[in-house]
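Peer 1: Whatever this is, show me its structure:
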Amino acid sequence: MGKLNQSDIISVLKSEIEDYDIKMSVKETGTVIGLSDGIAAVYGLNKAMYGELVEFETGVRGIVQNLETKTIGCVLLGSDYGLTEGSKVVRTKKRAGVPVSDQLIGRVVNALGSPIDGKGPIDAAEFFPIENEAAGVCSRKSVSVPLQTGILAIDSMFPIGRGQRELIIGDRQTGKTSIAIDTIINQRGQDVICIYVAIGQKASTVAKMVNTLNKFNAMEYTIVLSASASDLASLQYIAPYSGTAMAEYFMKQGKDVLIVYDDLSKHAVAYRTMSLLLERPPGREAYPGDVFYLHSRLLERSCRLDEAHGGGSITALPIIETLAGDVSAYIPTNVISITDGQIFLESELFFSGIRPAVNVGLSVSRVGGAAQTKAMKKAAGSLRIDLAQYREMEIFTQFSSDLDKSTKDLLDHGSRLVELLKQPLSKPLPLHEQVILLCVANNRLLMDVPMKELKDFRLGLMDHFRTHCPAVIEEIDTKKVLTEELIAQIVDAAKEFKNR
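Peer 2: Numbering: from 1, shown residues only. Sure thing, here's the model as predicted:
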C-alpha cells in the first residue's frame with residue numbers, strides 16, 4: 001500500500017513538471033524621485049516614449065509628457081494618495097487610449113471613458129488611442145452635405161457642412177452652449193451621432209444640460225464626456241482627445257458624427273497649468289510655445305472621408321470664450337486660423353434681445369453655399385446684404401427724422417428680418433419652415449405686419465401651411481429645391497393667410 005502511494009506521488013510530480021510552463025516577463029521599472037501637484041518626476045525609465053502610459057505601484061496611471069536626460073515627467077490621471085518618493089513605476093508600452101463601443105451612445109462618461117451616470121459598466125469593443133494621426137488629404141472628400149443646426153440665422157447665412165470645423169466664439173453668457181445644444185437637438189432623425197465634451201465646467205451645469213437633452217430625447221444618439229472643473233488638469237487636457245477617439249470609432253464605421261468641444265479656452269488653461277508644473281518655458285500669456293499644436297492636431301482630425309475609406313465624417317463645433325469681445329487674443333486667433341469659419345456672438349446684441357446674438361459682419365463660413373441645400377441657397381440669397389445695409393443705414397439715420405420712402409422701406413424690411421431671425425431656446429426649425437419664412441420675407445410680405453404681431457403671424461402662417469399646403473412642405477423636404485413655381489405657391493398661400 002505504501003509502495004502504491006509512493007508511485008502515485010511520483011506520477012503526479014512527473015505530470016506537474018511536464019505541464020509546468022515557465023513564463024518569464026521583463027518589466028521596465030523606474031522610481032519616483034519627485035512628486036507635486038499631480039506631476040511625478042521618474043528616474044530609470046530611459047526607454048519611455050512621449051504619450052506612453054505608465055503605471056504606479058498604487059495602481060494609478062500617468063502619461064509621459066517630458067523626456068529629459070535622466071528623468072521623465074509624468075502627469076497623473078488619478079489621485080497621488082499613497083505615492084511617495086521611492087515608489088515604483090512600470091512601463092506599459094501602450095499609448096494612452098479609451099475604450100470604445102456602440103454602448104457609449106446615451107451615456108455620460110469621464111475623460112478615461114468610464115461611465116459616471118450610474119447606469120452600469122460599458123463593454124468595450126475596441127481600444128482607441130486618444131492621440132491619432134489625422135486622415136490624409138487623399139482619403140478626404142470635399143464638404144458638400146449640410147449639417148442643419150435648425151437655427152435660421154446660421155443655416156441661412158453661415159451654413160455648416162458635415163466634416164467642417166465651425167468655431168463658436170463670444171464672451172461668457174452670450175448663448176454659445178445654447179447654439180451647440182440646439183444643433184444636437186436638431187440632429188434627431190438625421191442619422192448623426194453627437195458627442196458633447198464638457199471641459200472645466202461645473203458638474204451641476206453638465207447635469208442640467210444632460211436633463212435638457214433627455215427632455216428632447218436627444219440622449220438616444222448622444223454621448224456626453226465630462227471633465228469637470230474639480231477634475232485634475234491632466235483629465236481636462238485629455239478630454240477632447242478622448243472624445244475625438246470615440247468620434248473616430250463611429251466615423252470608421254461610415255457614420256456621421258458631430259462633436260462639440262465646450263470649451264477650448266478652458267482646455268488651453270488646463271494645458272498651461274500642466275506645462276508650467278512640468279517646468280516648460282512660458283510664452284505669450286504664459287501659454288507654452290506648442291499651444292497652437294495642441295488645438296491644431298485635435299481639430300485636424302475632423303473631416304469627411306471618401307467612399308473608399310468608409311465615407312464617414314466628423315463635424316467639429318469648438319467653443320472659445322473671449323474677454324470683452326477681444327478676438328485678437330492668443331487662443332482665439334489660434335483657433336480662428338485652424339477652423340473653417342466662425343460664428344461670433346456679441347454681448348450687445350444678446351442684451352438688446354437679439355438671440356441668437358450672431359454678429360452678421362464678423363461671422364463667416366469658409367465652406368459657404370457648398371454646404372447648403374439648393375432650396376436654402378436660393379431662399380437666403382440676399383439676406384446678408386439686406387442685413388448689412390440695414391445695420392449701416394440704422395447708424396446713419398439715428399439722428400435724422402426726415403427719411404425718404406426707399407430708406408424707410410429698407411429700414412422696415414431690415415427690422416423685420418432681424419425679428420424673423422430671433423429664435424427661442426431649444427426650438428430648432430426644420431428646413432421647410434426656414435425656407436418658407438425666408439421666401440415670405442424676401443417677397444416683402446411682412447412689410448405691413450406690425451412688429452408686435454410678427455411672432456404670432458409667423459406661428460399662424462406655419463400652421464396654415466401645415467394644414468392647407470402639406471404638398472409644399474413635402475416637396476421642400478424631399479427635393480430640397482426651390483423652383484419659381486414653388487415660390488409662387490408659397491407667396492400665394494401667404495397672401496391667402498394674410499387676407500383671412
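
Peer 1: Can you list the helices and strands that the helix or strand hosting Thr31 packs against?
Peer 2: Assigned by DSSP states H and E, Thr31 belongs to strand 29-36. Judged by 3 or more CB pairs under 8 Å, 6 or more residues apart in numbering; DSSP states H and E, strand 29-36 is in contact with strand 39-43, strand 88-95. Bear in mind the C-beta positions are built from the backbone N, C-alpha and C, glycine included.

Peer 1: Would you check how far apart Leu454 and Gly30 are?
Peer 2: As judged by CB to CB, to the nearest Å, Leu454 and Gly30 stand 69 Å apart.

Peer 1: CA atoms of the least confident helix or strand in the chain by mean pLDDT as CSV?
Peer 2: Confidence across the helices and strands of the chain bottoms out at helix 2-19, with a mean of 71, counting by mean pLDDT, DSSP states H and E. Output in CSV follows, covering the C-alpha atoms of helix 2-19 (Å, rounded to 0.1, in the frame of the first residue of the first chain):
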residue,chain,number,x,y,z
GLY,A,2,2.9,2.3,0.9
LYS,A,3,4.6,1.5,-2.5
LEU,A,4,1.4,2.3,-4.4
ASN,A,5,1.1,5.7,-2.7
GLN,A,6,4.8,6.4,-3.5
SER,A,7,4.3,5.6,-7.2
ASP,A,8,1.2,7.8,-7.3
ILE,A,9,3.1,10.7,-5.9
ILE,A,10,5.9,10.2,-8.4
SER,A,11,3.5,10.1,-11.3
VAL,A,12,1.7,13.3,-10.1
LEU,A,13,5.0,15.1,-9.7
LYS,A,14,6.1,14.0,-13.2
SER,A,15,2.9,15.3,-14.8
GLU,A,16,3.2,18.5,-12.9
ILE,A,17,6.8,19.0,-14.1
GLU,A,18,5.8,18.2,-17.7
ASP,A,19,2.9,20.6,-17.6
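
Peer 1: now that helix, how far from the centre of its chain.
Peer 2: In terms of CA atoms, centre = their mean, to the nearest Å, the centre of helix 2-19 is found 66 Å from the chain centre.

Peer 1: now do stretch 226-241
Peer 2: Computed by CA atoms, centre = their mean, the chain-centroid distance of stretch 226-241 equals 15 Å.

Peer 1: Start and end of it, how far apart?
Peer 2: 12 Å (CA to CA, to the nearest Å).

Peer 1: can you check stretch 396-410 too?
Peer 2: In stretch 396-410, first residue to last residue: 13 Å (CA to CA).

Peer 1: Which positions within that stretch qualify as buried?
Peer 2: Leu410 (16 or more other CB atoms under 10 Å).

Peer 1: And for stretch 366-375?
Peer 2: 367-368, 370-373, 375.

Peer 1: what's the answer for stretch 443-462, then?
Peer 2: Using 16+ other CB under 10 Å as the test for burial, stretch 443-462 gives 445-446, 449, 454, 457-458, 461-462.

Peer 1: Kindly export it (C-alpha atoms) in PDB.
Peer 2: Extracted in PDB, the C-alpha atoms of stretch 443-462 (Å, rounded to 0.1, in the frame of the first residue of the first chain):
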ATOM      1  CA  ASN A 443     -41.100  88.900 -51.300                       C
ATOM      2  CA  ARG A 444     -41.800  91.800 -48.800                       C
ATOM      3  CA  LEU A 445     -45.000  90.100 -47.500                       C
ATOM      4  CA  LEU A 446     -44.100  91.100 -43.900                       C
ATOM      5  CA  MET A 447     -43.800  94.800 -44.500                       C
ATOM      6  CA  ASP A 448     -47.400  95.600 -43.500                       C
ATOM      7  CA  VAL A 449     -47.400  93.300 -40.500                       C
ATOM      8  CA  PRO A 450     -46.800  95.300 -37.200                       C
ATOM      9  CA  MET A 451     -43.600  94.400 -35.400                       C
ATOM     10  CA  LYS A 452     -45.500  93.300 -32.200                       C
ATOM     11  CA  GLU A 453     -47.700  90.900 -34.200                       C
ATOM     12  CA  LEU A 454     -44.800  89.400 -36.200                       C
ATOM     13  CA  LYS A 455     -44.200  86.400 -33.800                       C
ATOM     14  CA  ASP A 456     -47.900  85.400 -33.800                       C
ATOM     15  CA  PHE A 457     -48.100  86.000 -37.600                       C
ATOM     16  CA  ARG A 458     -45.200  83.600 -38.100                       C
ATOM     17  CA  LEU A 459     -46.700  80.900 -35.900                       C
ATOM     18  CA  GLY A 460     -50.100  81.200 -37.700                       C
ATOM     19  CA  LEU A 461     -48.500  81.200 -41.100                       C
ATOM     20  CA  MET A 462     -46.800  77.900 -40.400                       C
END
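
Peer 1: Cys439 belongs to a helix?
Peer 2: Yes - under DSSP: H, G, I helix; E, B strand; the rest coil, Cys439 falls within a helix.

Peer 1: number of nearby residues for it?
Peer 2: Counted by other CB atoms under 10 Å, the residues lying close to Cys439 total 23.

Peer 1: tell me the pLDDT at it?
Peer 2: With respect to pLDDT, Cys439 scores 95.

Peer 1: got the helices and strands packed on strand 29-36 as TSV, with distance to Thr58 and mean neighbour count columns?
Peer 2: Shown next, in TSV, are the helices and strands packed on strand 29-36 (distance: least, CB to CB, whole Å; neighbours: other CB atoms under 10 Å):
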stretch	distance to Thr58	mean neighbour count
strand 39-43	11	22
strand 88-95	10	17
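
Peer 1: hang on, the earlier thing: which of the buried residues of stretch 366-375 are the two that sit furthest away from each other?
Peer 2: Greatest spatial distance in these: Val367 and Ala375, 17.5 Å, computed using CB to CB.
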